[in-house]
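1. here is a sequence with its predicted model. Questions after.
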Amino acid sequence: AEMFGQLTSGLEAAWNKLKGEEVLTKENIVEPMKDIRRALLEADVSLPVVRRFVQAVSEQAVGVGVIRGVTPDQQLVKIVSDELVKLMGGEVSELVFAKSGPTVILLAGLQGVGKTTVCAKLAFYLKKRGKSCMLVAGDVYRPAAIDQLVILGEQVDVPVYTTGTGVKPAEIAKQGLQEAKRKNIDVVIMDTAGRLQIDKTMMDELKEVKRVLNPTEVLLVVDAMTGQEAAGLVTTFNLEIGITGAILTKLDGDSRGGAALSVKEVSGKPIKLVGRGERMEDLEPFYPDRMAGRILG
Ligand code: GDP
């Protein structure tokens with residue numbers, strides 16, 4: 001199924017109920033608002049987010065009155081569109097670069113979310129924008145992850161700093177950063193261990209790596225397929241280690257959109273980039289307005 005497909009048709013039901021109306025009223029938006037609420041919940045948007053959204057849209061809808069040349073259903077589409085953009089953070093949230101020395105980007109995330117792939121994709125993305133990059137392999141618990149990063153690094157022609165698996169992540173981070181400074185690298189991207197679930201060892205290790213690296217960006221990689229769970233993860237990681245944003249992967253899959261819609265509102269942290277495929281070029285900035293456009297069909 002096309003992502004947002006269900007959400008799009010769910011919302012269409014709301015507009016359709018307003019066909020033939022002359023003005024939006026408290027009464028005639030009741031049923032459409034129920035459709036909107038249902039569509040968002042079915043898309044796996046977090047409940048508190050849905051409540052606030054519906055409230056905000058309803059308040060505006062009853063206040064607009066008659067606008068010449070614009071039908072009530074079009075008015076409601078416009079209000080929902082604007083609120084969706086707001087919900088997703090409004091503006092695109094750009095990556096931040098260090099004023100001097102290498103920019104350090106620390107990537108974290110649970111296993112299987114696409115973190116290793118994102119490391120290489122991000123290097124490829126930044127290279128195209130004129131930045132020299134280096135990847136640092138910090139997933140010492142899975143030798144296969146290090147091998148995978150090396151292979152992907154070769155694919156995008158970006159150096160990968162590796163050590164043996166006996167070295168602590170914080171030590172790898174330190175050495176990797178020194179190496180990057182020696183080579184005058186613009187951006188260092190550090191991969192870290194992913195686990196099946198959050199545990200204390202993981203968080204402690206991340207905190208230590210963060211302390212050593214003093215990164216410009218700490219980005220949590222989350223899988224869009226996990227729906228509102230993704231927003232919860234971003235919140236937890238932010239409280240535990242402090243992050244600057246999220247990267248949402250697997251947007252090409254049949255996720256229903258809940259993650260894209262909930263992350264910012266729930267966690268306070270923006271989605272900065274999205275992955276939409278397995279190829280190296282499948283990483284792009286997260287544009288709230290374009291995303292809203294896709295949702296509205
Ligand atoms: P990690 O365990 O978080 O490092 O995850 P990997 O980078 O190894 O990715 C796990 C799987 O997800 C691999 O098969 C990737 O090819 C795949 N994957 C990663 N990102 C995307 C994406 O945006 N879309 C799709 N369809 N697959 C992805």
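-> Perfect, thanks for sending it. Remember, it's a predicted structure, so these values are computed and weren't measured experimentally.

2. low-scoring stretches of the chain, by residue?
-> Applying pLDDT under 70 to the chain picks out residues 1-3.

3. show me what the helix or strand where residue 154 lies is in contact with.
-> For residue 154, the host element (DSSP states H and E) is helix 143-156. With contacts defined as CB atoms under 8 Å, 6 or more residues apart in numbering, helix 143-156 is touched by 116-117, 119-120, 123-124, 127, 135, 137, 139-140, 159-160, 162, 165, 191, 193-194, 280. Heads up, the C-betas are built off the backbone N, CA and C, glycines and all.

4. and whichever helix or strand comes after it, which strands flank it?
-> Next helix or strand after helix 143-156 toward the C-terminus (DSSP H and E): strand 160-161. The strands beside strand 160-161 in its sheet (DSSP bridges) come out as strand 133-138 (parallel).

5. show me where the stretch 151-297 of the chain has helices.
-> With helices called from DSSP state H, counting those that start in this stretch, the stretch 151-297 of the chain shows them at 169-182, 200-213, 228-241, 258-267, 288-296.

6. could you tell me which residues of the stretch 101-250 of the chain lie near the ligand?
-> Residues of the stretch 101-250 of the chain lying close to the ligand (CB under 6 Å from any ligand atom) are 109, 111, 112, 113, 114, 115, 116, 117, 145, 194, 249, 250.

7. hmm, back to that, now the contacts of helix 143-156: which count as buried?
-> Neighbour-count burial (16 or more other CB atoms under 10 Å) is assigned, among the contacts of helix 143-156, to 116-117, 119-120, 123-124, 127, 135, 137, 139-140, 159-160, 162, 191, 193-194, 280.

8. and the residue of the stretch 151-297 of the chain nearest the ligand?
-> Residue nearest to the ligand within the stretch 151-297 of the chain (CB to the nearest ligand atom): residue 275, separated by 3.2 Å.

9. on that earlier part again, of the residues of the stretch 101-250 of the chain next to the ligand, grab the buried ones for PyMOL.
-> Of these, the buried ones can be selected in PyMOL as follows, counting by 16+ other CB under 10 Å:
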select buried, resi 109+113+114+115+116+117+145+194+249+250
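
10. distance of residue 190 from residue 146?
-> 13 Å (CB to CB, to the nearest Å).

11. between these two, who's got more neighbours?
-> residue 190 (29 against 21; other CB atoms under 10 Å).

12. just the strands in this structure please.
-> Assigned by DSSP state E, the chain shows strands spanning 103-108, 133-138, 160-161, 187-192, 217-223, 245-249, 271-275, 283-285.

13. before we move on, the earlier item: what sits opposite the residue of the stretch 151-297 of the chain closest to the ligand in the beta ladder?
-> Assigned bridge partners for residue 275, using DSSP bridges, are residue 283.

14. which residues does it contact?
-> Contact analysis of residue 275 by CB under 8 Å, 6+ apart lists 114, 117, 118, 121, 247, 248, 249, 250, 251, 252, 282, 283.

15. show me which of those residues is closest to residue 77.
-> Lowest distance from residue 77 to the contacts of residue 275 (CB to CB) belongs to residue 251, with 22.9 Å.

16. surely residue 165 touches residue 140?
-> Yes: the pair residue 165 / residue 140 is scored as a contact, 4.9 Å apart, by CB atoms under 8 Å.

17. before we move on, the earlier item: most tightly surrounded among the helices of the stretch 151-297 of the chain?
-> helix 258-267 (a mean of 27; mean count of other CB atoms under 10 Å).

18. if we can go back for a sec, tabulate the helices of the stretch 151-297 of the chain (TSV), appending distance to residue 87.
-> Formatted as TSV, those follow (distance: least, CB to CB, whole Å):
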stretch	distance to residue 87
helix 169-182	35
helix 200-213	28
helix 228-241	11
helix 258-267	6
helix 288-296	8
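
19. so which of the ones you listed gets nearest residue 22?
-> Checking those against residue 22 by CB to CB gives helix 288-296 as the closest, at 22.7 Å.

20. ok and the closest one relative to helix 258-267, angle-wise?
-> 130 degrees (axes from the mean of the first three to the mean of the last three CA atoms, to 10 degrees).

21. picking up where we left off before, and the residues of the stretch 101-250 of the chain next to the ligand, which two are furthest apart?
-> Spatially, the most separated pair among these is 145 and 250, at 17.9 Å (CB to CB).

22. possible to save the strands of the chain as CSV with distance to residue 97?
-> Formatted as CSV, the strands of the chain follow (distance: least, CB to CB, whole Å):
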stretch, distance to residue 97
strand 103-108, 5
strand 133-138, 12
strand 160-161, 20
strand 187-192, 8
strand 217-223, 9
strand 245-249, 14
strand 271-275, 13
strand 283-285, 14
